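Engineer: Fold the stuff below for me.
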Amino acid sequence: MSPQIPTLDIRRFTHPASSADRDAFVAELGAAYREWGFAGIRGHGIGDDRIRAAYEVFERFFALPEEVKMRYHVPGSGGARGYTPFGVETAKDSKHHDLKEFWHVGREIAEDSRYRDVMPPNLWPTEIEGFREHAYGLYQALDALGSSVLAALALHIGLPENWFADKTDSGNSILRPIHYPPITADDIPNVRAGAHEDINLITLLVGASAEGLEVLSRRGEWVPFTADADTIVVNIGDMLQRLTNHVYPSTTHRVVNPKGEKARQPRYSTPFFLHPNPDFLIDVLPGCITPDNPNRYPEAITAQGYLDERLREIKLK
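Structural biologist: Next up is the predicted model:
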């Protein structure tokens, strides 16, 4: 049998039948992430209606004329808010840009917040009715689900369950609706999303039910991961890998071009990149340092400093 990335029901953690089953969930989730850096999460309570309504406004936005979409493109901003057109983002060390356009929704914060200089106000396309309501509703739902996943991951490595709560409550997290257009030529060298690792703490992906997502296993094999429609795929990012000294690995993944007729269809997906607060210091957790796993990152770095460094590498800064 080919190896399979596990899918777990998070209700065993949020509404457990017993404390023993909750503990078992934490152990199974931790083991899945140690092995794969990826897991499917179901029982998350984010309704199909909410997801469908968000996708509908995203698809309507991407169908707008190019000149309208470009009104929401902010050059020099690293794509932090608003629209990023085709041909900009490039996977680290890749020669070819990715075949996608996307939009960024960030956290709504007070004007006088100490993070305002690095977390600009959101842009909202006035042409699409309901865009703000549905996009930000999905943002908040995924933010809450991500907090539950982080709570379980904290317990698995011996931290208090709420350890991440005050380190992510003003996190510079991003909801990114993506449109991968139909592929009309057979010989293009680009892929929809080149092999990469994510920058943030964890990523929650809505819409992994379209095929194309592949995860690089420890054995060096590309393993396809097409989730059921009711499953949100959650993976570890580089910030959490660094914080945990690679106890939780940030796994390389890509979105490959489908074959045949499926390539002629557009693909939409919406990852939520959960980030810590910008001034959070990513300093390896003492409990993740052992004689067999000595500290790989003796120098701490702020979340914002790390983000800036990485955005330059992928041509968004």
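
Engineer: so where's the stretch 51-200 of the chain shaky on pLDDT?
Structural biologist: The stretch 51-200 of the chain contains residues with pLDDT under 70 at 77-79, 88-98, 183-193.

Engineer: can you give me the helices in it?
Structural biologist: Using DSSP state H, counting those that start in this stretch, the helices found in the stretch 51-200 of the chain span residues 66-69, 131-156, 165-168.

Engineer: Out of the ones you listed, which is the most enclosed?
Structural biologist: Burial of those is given as mean neighbour count (mean count of other Cβ atoms under 10 Å); helix 131-156 ranks first at a mean of 20. The C-beta positions use only the backbone N, C-alpha and C, and glycine is treated the same way.

Engineer: closest to Tyr55 out of the helices of the stretch 51-200 of the chain?
Structural biologist: helix 131-156 (8.7 Å; Cβ to Cβ).

Engineer: Which element, helix or strand, includes the residue lying closest to Leu155 once chain neighbours are set aside?
Structural biologist: Excluding the flanking residues, the one nearest Leu155 by Cβ to Cβ, 6 or more residues apart in numbering is Val26, at 4.9 Å. Taking DSSP states H and E as the criterion, Val26 maps to helix 19-36.

Engineer: if I read this right, Phe273 contacts Asp198, doesn't it?
Structural biologist: Yes - Phe273 is in contact with Asp198 according to Cβ atoms under 8 Å; the separation is 6.5 Å.

Engineer: shared neighbours, those two?
Structural biologist: Applying Cβ atoms under 8 Å, 6 or more residues apart in numbering, one finds that Phe273 and Asp198 are jointly contacted by Gly237.

Engineer: And the residue nearest the centre of the chain, how far from Leu99?
Structural biologist: Note on the chain: the residue nearest the mean C-alpha position is Thr203, at 2.6 Å, using Cα atoms, centre = their mean. Between Thr203 and Leu99 the computed distance is 20 Å (Cβ to Cβ, to the nearest Å).

Engineer: again, but for Arg52
Structural biologist: Where Leu99 is concerned, Arg52 sits at a distance of 25 Å (Cβ to Cβ).

Engineer: If you count surrounding residues, which of these two has more?
Structural biologist: Using other Cβ atoms under 10 Å as the criterion, Arg52 and Leu99 rank with Leu99 on top: 21 against 10.

Engineer: Using PDB, write down the CA coordinates of the helix or strand encompassing Arg50.
Structural biologist: Assigned by DSSP H and E, Arg50 belongs to helix 48-62. Output in PDB follows, covering the C-alpha atoms of helix 48-62 (Å, rounded to 0.1, in the frame of the first residue of the first chain):
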ATOM      1  CA  ASP A  48     -20.200  24.000   3.600                       C
ATOM      2  CA  ASP A  49     -22.500  27.100   3.100                       C
ATOM      3  CA  ARG A  50     -19.900  29.400   4.500                       C
ATOM      4  CA  ILE A  51     -17.100  27.900   2.300                       C
ATOM      5  CA  ARG A  52     -19.300  27.900  -0.900                       C
ATOM      6  CA  ALA A  53     -20.400  31.600  -0.300                       C
ATOM      7  CA  ALA A  54     -16.700  32.600   0.000                       C
ATOM      8  CA  TYR A  55     -15.700  30.700  -3.100                       C
ATOM      9  CA  GLU A  56     -18.500  32.300  -5.000                       C
ATOM     10  CA  VAL A  57     -17.300  35.900  -4.300                       C
ATOM     11  CA  PHE A  58     -13.700  34.900  -5.000                       C
ATOM     12  CA  GLU A  59     -14.600  33.400  -8.400                       C
ATOM     13  CA  ARG A  60     -16.600  36.500  -9.200                       C
ATOM     14  CA  PHE A  61     -13.700  38.800  -8.400                       C
ATOM     15  CA  PHE A  62     -11.200  36.800 -10.500                       C
END
